[in-house]
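Asks: Give the three-dimensional model of this entry:
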Amino acid sequence: MNNFYSEIKKIQVEDCSKSLSALIERYTPVFLSMYTKFFSCIKGCGGNPSDILNDRDLIIYESAKSFDLTKGYSFCTWLSNNTKYKCLHSINKAKKTSLLQERVRANNGDPFENLNKNVFKLKDLNAHIFSILNKIKDKRIKSVYELRYFSDNKMTWSKIGKKLGFSSQTAINLHAKGADVLKKKIDKINP
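Replies: As a prediction, this is how the structure comes out:
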């Protein structure tokens, strides 16, 4: 076993390809043992198990490069854990891909369909709010709402008051009157 720790050291220091070949030959059964435990799970969730198998040499190489003998565990354990993490990552990735595909199918191929519907509902709601505000005799209320909620930048009460020629407290009071009217009208729609 000490012979293989010297091979690992050569890989870490010199990137020795001969040592890597010897390590791959020696530890492929360890890799395969862990890989076979996850094979059916990777396949079952829509992943491609051969992706992990094709990366065998790379996984063994990366394990050798990152192995630290001073930590007190064996290279066999280190390689098994790295293989397990690669398999778990593949499973998680396959599950996320599968979930996204289900959502796309549920929306008839348009993942933004529900978002688009909500935007249209919001436009309808805004139009309804404005139709209510237009019916209020005091036209300042509609102006306060336009500046507060429907301008490019949400304006403060004092800026609204200055722009419309009255105090910020008047702007707040007009807003409260409008809110009362909107609440009564919306409550009639949704009893």
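
Asks: Ranking helices and strands of this structure by mean pLDDT, which lands last?
Replies: Least confident helix or strand of the chain, by mean pLDDT, DSSP states H and E, is helix 113-134 with a mean of 66.

Asks: what's the single longest helix in this protein?
Replies: helix 75-106 (DSSP state H).

Asks: In that helix, which residues are buried?
Replies: 75-76, 78-80, 82-83, 86-87, 90-91, 94 (16 or more other C-beta atoms under 10 Å). For the C-beta atoms, the positions are set from N, CA and C on the backbone; glycine is no exception.

Asks: swap in stretch 62-74?
Replies: 63-64, 67.

Asks: Secondary structure for these - can I get that in TSV?
Replies: Formatted as TSV, the buried residues of stretch 62-74 follow (DSSP: H, G, I helix; E, B strand; the rest coil):
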residue	secondary structure
S63	helix
A64	helix
F67	coil
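
Asks: quick check, nearest of those to Q169?
Replies: Proximity of these to Q169 (C-beta to C-beta) peaks at S63, which lies at 70.6 Å.

Asks: what's the residue closest to the geometric middle of the protein?
Replies: The chain has K96 as the residue nearest its centroid, 10.1 Å off, counting by C-alpha atoms, centre = their mean.

Asks: For that one, give its distance to C87.
Replies: To C87, K96 is 15 Å away according to C-beta to C-beta, to the nearest Å.

Asks: now do E7
Replies: 25 Å.

Asks: again with Y35
Replies: Distance from Y35 to C87, by C-beta to C-beta: 7 Å.

Asks: Look at D152 and give its secondary structure.
Replies: coil.

Asks: so how many other residues sit close to L125?
Replies: L125 has 11 neighbouring residues, counting by other C-beta atoms under 10 Å.

Asks: quick one, domains of this structure?
Replies: Following automatic domain parsing, one gets these domains for the chain: 2-106, 113-189.

Asks: any idea which of those domains scores lowest on pLDDT?
Replies: Least confidently modelled of these is domain 113-189, at a mean of 79 by mean pLDDT.

Asks: Helix, strand, or coil at the residue of the chain most remote from its centre?
Replies: Most distant residue from the mean C-alpha position of the chain: K137, 48.1 Å away (C-alpha atoms, centre = their mean). Here K137 is coil, with the state taken from three-state DSSP.

Asks: List phi and psi for it.
Replies: When quoted as degrees, to the nearest 10, the phi and psi of K137 stand at phi -60, psi -40.

Asks: same deal with G47?
Replies: Here G47 shows phi and psi, under degrees, to the nearest 10, equal to phi -80, psi 170.

Asks: Isn't it up against I91?
Replies: Yes: the pair G47 / I91 is scored as a contact, 6.1 Å apart, by C-beta atoms under 8 Å.
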